[in-house]
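*Asks:* what's the 3D shape of this:
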Amino acid sequence: MHLIDNESKLTVYQSAFAGGAAGAFTRAVGQPLDVLKIRFQLQLEPIEKGSKYSSVLQAVSAIIKEEGVTTLWSGHVPAQLLSISYGVLQFSTFETLTQLCERSDPKFYLANKHWLNFSNGAIAAAIATIASFPFDTVRTRLIAEQKTNKAYRGFLHAFSTIVRLEGTAALFKGLVPTLSQIAPHAGIQFAAYKLLTQNVLNQFKYFQRKINVSSTVESTLLANLIAGSTAGFVAKTVIYPFDLIKKRLQIQGFQEHRLSFGRQMYCNGLLDCVKLTITEEGFLALFKGYGPSMLKAGLVSALHFAAYDEIKYFILKIQQR
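*Replies:* Reported below is the predicted structural model:
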C-alpha cells in the first residue's frame with residue numbers, strides 16, 4: 001500500500017524523488033554562493049578593505065584569479081550527494097509525518113496545522129542531517145583548502161583520507177551546532193512556506209493554479225518562489241551563527257592547508273569556538289559571510305521549494321491523463 005500525501009495525492013516515494021531532484025538542481029545553481037559564504041565564515045580577519053576577502057565581488061575576482069573559476073564549484077560532488085540525500089530524506093520524512101498526523105487525528109491536524117508543519121519539518125531535517133552529514137564535512141574541507149596547496153585529489157580521496165588520518169568521528173565534526181540550527185531552520189522554513197502558500201498567497205486568484213475545473217490544488221510557480229525566498233531569509237537569519245561555528249569546527253586539524261588565507265583558529269569544541277570567535281573578532285563575527293549567505297538562502301530556498309512543487313505538479317498532471 002502506498003502512503004499518500006493528501007494535499008498532492010502523490011505517494012511519499014514520489015515526494016522523495018521530487019525532493020532529491022529539487023536538491024540537485026538548486027545545489028548546482030547555488031554552489032558558488034556557498035563557496036563564497038564558507039570562505040568568509042572561515043576568515044578570522046575583519047571583512048574590510050585590505051583583507052583577503054573584503055566583499056562579494058572582490059572575493060569572486062580573487063578566487064578566480066588565484067585558483068581558477070572552477071574553484072567556485074569546489075566540493076560540488078559531495079555537495080550534490082549531500083543535497084540529494086538530504087532532499088530525499090527530508091521531504092519523504094516530512095510528507096510521511098504529515099500524512100500520519102492527518103490520518104490519526106484530522107481535527108487536531110487542522111487546528112494545529114502550522115505548528116505541526118514546524119515540528120515535522122524540524123524532525124525531518126534532523127534525520128536528514130545526521131544521515132548526510134559526512135558529505136557536508138567533505139564538502140567544507142574541499143571548499144576550505146587552498147587550491148595551490150591541496151590536501152585532497154577529490155571527493156573519494158578526501159573521504160578516505162579523513163577517515164584514515166582522523167577517524168570516522170571526524171566526518172561528524174560540528175554535528176551538535178548543526179542539529180541546533182538545522183531543526184529550527186527547517187521548521188521555520190516549512191511553517192513559513194506552507195503558511196504563505198496555503199493561507200496568504202492562495203487567497204489571490206493570480207497565485208492560484210488549477211489542476212482541473214473543480215479544485216485548486218497548487219499555488220503558482222511565482223507564489224512558490226516568493227514564499228520560498230521569504231521562508232529562506234527568515235530561517236537563515238535566525239540560525240546563522242550556528243552555521244558559522246559548524247564550519248569552523250569542521251576544519252579543525254586541517255589548518256595547514258589554509259595558511260595563505262590568514263590567521264587560523266584552533267579550538268576545542270563548540271563552546272570554545274564560540275568564545276574565541278566573540279573575544280577575538282567581536283560578536284558580529286558570528287555573522288561573517290551573511291551577505292552571500294542571504295543571497296544563497298533566498299535563491300536556493302526559493303528554487304528548492306518551487307522546484308519541488310513544480311515536479312510534484314508535473315507528476316500529478318501525468319497521473320490525471
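*Asks:* I figured residue 25 hits residue 305, correct?
*Replies:* No - applying CB atoms under 8 Å as the test, residue 25 and residue 305 come out as separate, 11.7 Å apart. For the C-beta atoms, the positions are set from N, CA and C on the backbone; glycine is no exception.
*Asks:* these two: which has the busier surroundings?
*Replies:* residue 305 (26 against 20; other CB atoms under 10 Å).
*Asks:* how about that one: what's its closest non-neighbour residue?
*Replies:* Spatial nearest neighbour of residue 305, excluding adjacent residues (CB to CB, 6 or more residues apart in numbering): residue 228 at 3.6 Å.
*Asks:* and what of residue 90?
*Replies:* Nearest one to residue 90, counting by CB to CB, 6+ apart, is residue 128 at 4.1 Å.
*Asks:* which residues touch that neighbour?
*Replies:* 85-90, 93 (CB atoms under 8 Å, 6 or more residues apart in numbering).
*Asks:* same list (these) but as JSON lines, adding distance to residue 169.
*Replies:* Listed next are the contacts of residue 128 as JSON lines, based on distance: CB to CB, whole Å:
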{"residue": "85", "distance to residue 169": "20"}
{"residue": "86", "distance to residue 169": "21"}
{"residue": "87", "distance to residue 169": "26"}
{"residue": "88", "distance to residue 169": "25"}
{"residue": "89", "distance to residue 169": "22"}
{"residue": "90", "distance to residue 169": "24"}
{"residue": "93", "distance to residue 169": "25"}
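*Asks:* can you pick the most crowded of these?
*Replies:* Most neighbours among the contacts of residue 128, by other CB under 10 Å: residue 90, with 29 neighbours.
*Asks:* just the element for it, please.
*Replies:* helix 76-104 (DSSP states H and E).
*Asks:* give me the helices and strands touching that helix, please.
*Replies:* In terms of contacts (3 or more CB pairs under 8 Å, 6 or more residues apart in numbering; DSSP states H and E), helix 76-104 is packed against strand 4-5, helix 12-41, helix 106-111, helix 113-144, helix 155-166, helix 290-319.
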